[in-house]
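**Student:** need a structure here:
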Amino acid sequence: MIQAVPIRIGLIGLGKMGQNHLRVLSMLKSVDFRFVFDIDVTAARNAAAPYQIPVADDLDAALGEVEAVVICSPTVTHADYMRQAALHVKNIFVEKPLAETSVAAKELVDLASARHLNVQVGFIERFNPAVRSMKTILDKSQHVISVDFTRTNRLSSRITDVDVVTDLMIHDIDLALFLNGPVSDVAAYGFREGSMIDLASALLTHVNGRFSRIQASRVTEKRIRSIEATCLDMFVDCDLLRKEIVINRESKIRQASSEPYVISAVSETVSVTPQEALLLELQTFVASCSGIKVQDTPDATAALAAQLICDRIRGAVAP
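**Tutor:** Okay, the predicted model is just below:
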């Protein structure tokens with residue numbers, strides 16, 4: 001069998017998430033890792049040294065030598081880096097959110113369309129094996145009524161440029177759109193400890209009649225990542241941290257012909273194969289660079305849809 005030629009790739013941004021991408025990309029045999037770039041040259045050299053990856057000082061020249069680029073820089077720089085990268089490469093991975101504002105995100109969607117770019121956006125929860133199993137279960141349900149998403153994490157000192165809606169809630173907004181489809185109505189409330197929203201709760205009404213209830217908080221003293229689905233035929237409890245899914249059903253059992261029915265609760269634990277979501281995410285991107293498309297991969301249009309819902313939630317939260 002002939003081995004495929006590895007994809008020449010570069011990485012922009014070496015903060016915490018960028019270093020995670022650096023670790024995973026350096027593991028992939030399908031990647032020819034050509035460069036890393038960060039405006040903090042010292043930080044870039046320190047991060048890249050263990051992997052023996054070159055640090056670029058001229059980004060345009062470095063982009064001219066690769067087929068794909070991964071952008072993990074701060075949100076405010078996403079649009080500029082994507083426009084710069086689009087002059088050289090067709091394959092671009094951008095961490096979420098796509099851009100700082102939905103207006104800028106729409107411009108990038110138009111750019112991707114005009115230049116026929118292959119764009120993937122970093123909604124990593126789509127690649128959580130528990131989410132994939134959850135979607136399969138809900139697709140087989142008789143009737144999904146509502147899906148509840150909870151995501152809490154005490155404020156990290158590294159998050160200073162975005163509110164909880166963009167920092168945490170946007171992941172579950174994307175999942176709500178992924179699992180339940182387009183949204184027709186949005187209601188929300190929130191709490192601010194300072195100038196930014198630190199807790200938000202939203203109710204999304206979907207075009208298909210389903211509801212998504214989403215809560216995100218970075219003032220809660222407990223880390224939670226959960227999805228709970230209420231269906232006519234079952235209740236599904238999914239813990240994204242432990243990657244565990246439990247299906248709860250109730251059945252009527254007649255003990256004898258002369259006796260009434262007895263309600264019996266049945267719980268079924270679904271086996272979820274442990275896999276690193278970031279590895280799956282980047283493998284999907286690298287495969288797409290070779291023309292192998294994976295269904296339900298979040299692209300620029302999906303990222304814009306999530307960002308527009310973020311805007312509606314912020315608009316509903318009293319200042």
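**Student:** lowest confidence element among the helices and strands of this protein?
**Tutor:** Least confident helix or strand, the chain: strand 261-270 with a mean of 71, by mean pLDDT, DSSP states H and E.
**Student:** Who does the nearest residue to residue 268 once chain neighbours are set aside form a beta bridge with?
**Tutor:** Spatial nearest neighbour of residue 268, chain neighbours left out: residue 247 (4.5 Å); criterion: C-beta to C-beta, 6 or more residues apart in numbering. Heads up, the C-betas are built off the backbone N, CA and C, glycines and all. In this structure, residue 247 bridges to residue 236, residue 268 when assessed by DSSP bridges.
**Student:** you'd agree residue 247 is up against residue 267?
**Tutor:** Yes. Between residue 247 and residue 267 there is a contact at 7.1 Å, judged by C-beta atoms under 8 Å.
**Student:** In terms of neighbours, single out the busier of those two.
**Tutor:** The neighbour comparison of residue 247 against residue 267 (other C-beta atoms under 10 Å) goes to residue 247, with 19 against 10.
**Student:** what residues are up against that one?
**Tutor:** 137, 234-237, 267-270 (C-beta atoms under 8 Å, 6 or more residues apart in numbering).
**Student:** Looking at these, spot the one nearest residue 147.
**Tutor:** residue 236 (8.7 Å; C-beta to C-beta).
**Student:** from memory that closest one sits against residue 134, does it?
**Tutor:** Yes. Contact criterion C-beta under 8 Å: residue 236 and residue 134 qualify, at 6.7 Å.
**Student:** which residues do those two both contact?
**Tutor:** With C-beta under 8 Å, 6+ apart, residue 236 and residue 134 have common neighbours 227, 229, 245.
**Student:** Now tabulate those residues in a markdown table and tack on distance to residue 179.
**Tutor:** Rendered in a markdown table, the data for these read as follows (distance: C-beta to C-beta, whole Å):
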| residue | distance to residue 179 |
| --- | --- |
| 227 | 8 |
| 229 | 8 |
| 245 | 13 |
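**Student:** Just those residues: which are in strands?
**Tutor:** 227, 229, 245 (DSSP state E).
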